[in-house]
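Asker: model the structure of this input:
(one chain, ligands or ions: 3)
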Amino acid sequence: MWRRVASLSSSISSSFLAQTASRLNTWESLTTGIAQQAKGVIAPKEKTPFITFVLGGPGSGKGTQCIKIVETFGFAHLSAGDLLRREIASKSADGAMILNTIKEGKIVPSQVTVKLIQKEMELSDNHKFLIDGFPRTEENRVSFERIIGVEPNVVLFFDCPEEEMVKRVLNRNEGRVDDNLETIKKRLTVFQALSLPVINYYSEKGKLYTIKAIGTEDEIFEQVRPIFAAFEQTVG
Ligand SMILES: Nc1ncnc2c1ncn2[C@@H]1O[C@H](COP(=O)(O)OP(=O)(O)O)[C@@H](O)[C@H]1O
Ligand SMILES: O=c1ccn([C@@H]2O[C@H](COP(=O)(O)OP(=O)(O)O)[C@@H](O)[C@H]2O)c(=O)[nH]1
Ligand SMILES: [Mg+2]
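Answerer: Ligands and ions are numbered 1, 2, ... in the order given. Below is the predicted model:
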């Protein structure tokens, strides 16, 4: 498991522990209890996490391309929307609030979404994560950085004309409560107002890879492939 903590022998040298502590910096906030355990009993995960945020409007093809990235490059796929829908299905305490928010095309409070993502990351054996459909607002982004304590290595932006996104969503046929014209219009407004600033932020940071999200799924994946191929050697 990604953050499993194990006991280390007390004979381990202090310089090794110092190195270990330094490597753990990025992990620290992921593990609520980790600070307390830093007194000397932490085994680090072997690999540094590699985080990709997958952004784009509703119907831009994020989920579709994530499946291909998983198949080709072995990432763990965490869809924020799927995690929220799972909460609704499990009838958790937040379920009704999440359902209403999704129906309205609004954004679920960051704390709720980040907690779900955090749990999935902690449970995963993988160190390469595709976080699909998150962050959708600047507040989401700041909240992730604060709670998880890491920044993404790569941000993909599936850039798709609105007309095409609407067509795809209306044909999606997954029985989603938000795949109707009324909600889509709201979601597109939210995307423009709240999500584009996140995309601009990562563009300014030099982390953004923009994909022209029209064409066949395979054609689009041929724009995605070289991005991950370039990182493959370093990421493992
Ligand atoms: N390149 C494409 N051309 C046409 N339809 C597509 C393409 N990529 C995905 N779709 C379809 O469009 C719908 C939305 O795709 P999806 O991957 O769910 O997008 P998102 O996760 O960004 O909302 C799905 O029904 C999917 O099968
Ligand atoms: O971080 C997130 C991700 C999703 N959502 C909600 O879940 C809906 C569906 O998100 P999903 O990513 O599944 O939609 P997609 O863009 O893939 O169509 C969004 O419109 C929001 O209401 C949210 O509030 N926060
Ligand atoms: Mg999706």
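Asker: residues of the chain that sit close to ligand 2?
Answerer: Within the chain, the positions near ligand 2 by Cβ under 6 Å from any ligand atom are 58-59, 62-63, 80-81, 84, 101-102, 105-108, 113, 133-134, 136, 140, 178, 187. No exception for glycine: its C-beta is placed from N, CA and C like everyone else's.
Asker: the residues you listed, buried ones only, as a PyMOL selection?
Answerer: Buried members of those, defined by 16 or more other Cβ atoms under 10 Å, are picked up in PyMOL with:
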select buried, resi 58+59+62+63+80+81+84+101+102+105+107+108+113+133+134+136+140+178+187
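Asker: from the residues of the chain next to ligand 2, which land in strands?
Answerer: Secondary structure defined by DSSP state E assigns none of those to strands.
Asker: helices - which of the residues of the chain next to ligand 2 land there?
Answerer: Here DSSP state H is the test, and the residues of the chain next to ligand 2 give 62-63, 80-81, 84, 101-102, 113, 140, 187 as lying in helices.
Asker: restrict these to contacts with ligand 1.
Answerer: Among those, the residues within reach of ligand 1 (Cβ under 6 Å from any ligand atom) are 62-63.
Asker: can you list the domain ranges for the protein.
Answerer: Following automatic domain parsing, one gets these domains for the chain: 1-46, 50-235.
Asker: mean pLDDT for those: which is lowest?
Answerer: For the domains of the chain, mean pLDDT drops lowest on domain 1-46, to a mean of 40.
Asker: what's the neighbour count on Lys119?
Answerer: Residues lying near Lys119 (other Cβ atoms under 10 Å) number 12.
Asker: so it sits in a helix?
Answerer: Yes - under DSSP: H, G, I helix; E, B strand; the rest coil, Lys119 sits within a helix.
Asker: which residues touch it?
Answerer: With contact set as Cβ atoms under 8 Å, 6 or more residues apart in numbering, Lys119 has no partners.
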